[in-house]
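> model the following, please.
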Amino acid sequence: MIKIKSLQEVQKMRTAGRIVAEVFEVIKPLIVHGITTRELDEIAAEHIKKSGAGCSFYNYGGFPGHICISVNDEVIHGIPGKRKLCDGDVVSVDVGASIDGYHGDAARTFGVGEISPEAKKLIEVTEASFWRGMEFALPGNRLGDISANIQKVVESNGFSVVRDFVGHGIGNALHEEPEVPNYGTEGRGPRLISGMTIAVEPMVNIGTFEVNTLSDDWTVVTADGKLSAHYENTVLITKDGVEILTRC
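As a prediction, this is how the structure comes out:
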């Protein structure tokens, strides 16, 4: 069942979302050659906690990190650790924070130092596909209107949309109904209603859309070893359109 949020619930999600957005501002200048993913994780966790929020991902299903950090061919759910970032790396960071049990969830992809033109295009197209989807995030439209238009932007640029993992509803659970695919058909799926909160998150690969999960049971990688990017926001459907809850 899709949960429609009250004004009080939305306000808690706004606060959580603002803290998530702040984390990206804190760590963006630190994503440089030589820093470890664990160091970034610790910095993010410190900001979330000092802001009075909880780390949504920590121990979620047993996940050992406070945030997810996925590098190069890692699509999602990368576990922070001893890995040092290097110039040319593509780094996807997924952050979740909670206030009184209500969550905000967002992801951004960054380049380390000078990255290849293809990697830069991948990051730009991934974000652009999200914003194209948001043009259709209107009450009365269908979820498939968002999904189909994300897919159009991605595939028209020669990239592929991950299909094994999708966006999701979000609220007082990190994952709620409905599922939010990044591919589909316009006019299909649940109707968008004011008060719905969903996490829309294009995961885009340079090569095949097929992915594999590593032996750590968390890290998802592209099947062909090519680069991947991730862009996500928690959004609220309003009577007038859409509000992005994970922006400062």
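
> in stretch 15-33, what's buried?
By 16 or more other Cβ atoms under 10 Å, the buried positions in stretch 15-33 come out as 15, 16, 17, 18, 19, 20, 21, 22, 23, 24, 27, 31. C-beta coordinates here come from the backbone N, C-alpha and C atoms, glycine included.

> would you list the residues you listed in JSON lines and tack on distance to residue 105 and secondary structure?
Listed next are the buried residues of stretch 15-33 as JSON lines, based on distance: Cβ to Cβ, whole Å; DSSP: H, G, I helix; E, B strand; the rest coil:
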{"residue": "15", "distance to residue 105": "14", "secondary structure": "helix"}
{"residue": "16", "distance to residue 105": "9", "secondary structure": "helix"}
{"residue": "17", "distance to residue 105": "8", "secondary structure": "helix"}
{"residue": "18", "distance to residue 105": "13", "secondary structure": "helix"}
{"residue": "19", "distance to residue 105": "11", "secondary structure": "helix"}
{"residue": "20", "distance to residue 105": "7", "secondary structure": "helix"}
{"residue": "21", "distance to residue 105": "11", "secondary structure": "helix"}
{"residue": "22", "distance to residue 105": "14", "secondary structure": "helix"}
{"residue": "23", "distance to residue 105": "11", "secondary structure": "helix"}
{"residue": "24", "distance to residue 105": "12", "secondary structure": "helix"}
{"residue": "27", "distance to residue 105": "16", "secondary structure": "helix"}
{"residue": "31", "distance to residue 105": "19", "secondary structure": "coil"}
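
> and these, which is closest to residue 98?
Within the buried residues of stretch 15-33, the smallest distance to residue 98 is 5.6 Å, found for residue 16 (Cβ to Cβ).

> about what we covered before: now the buried residues of stretch 15-33 in TSV, with distance to residue 182?
Supplementary listing: the buried residues of stretch 15-33 in TSV, determined by distance: Cβ to Cβ, whole Å:
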residue	distance to residue 182
15	27
16	23
17	20
18	25
19	25
20	20
21	21
22	26
23	23
24	21
27	25
31	24
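
> looking at the residues you listed, which is nearest residue 248?
Nearest member of the buried residues of stretch 15-33 to residue 248, counting by Cβ to Cβ, is residue 21, at 4.5 Å.

> coming back round to it: want to throw the buried residues of stretch 15-33 into CSV with distance to residue 5 and pLDDT?
Below are those laid out as CSV (distance: Cβ to Cβ, whole Å; pLDDT from 0 to 100):
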residue, distance to residue 5, pLDDT
15, 13, 98
16, 12, 98
17, 12, 98
18, 16, 98
19, 18, 98
20, 17, 98
21, 19, 98
22, 22, 98
23, 22, 98
24, 23, 98
27, 28, 98
31, 33, 98
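
> out of the residues you listed, the closest to residue 137 would be?
Top of the list for closeness to residue 137, among the buried residues of stretch 15-33 and by Cβ to Cβ, is residue 17 at 15.4 Å.
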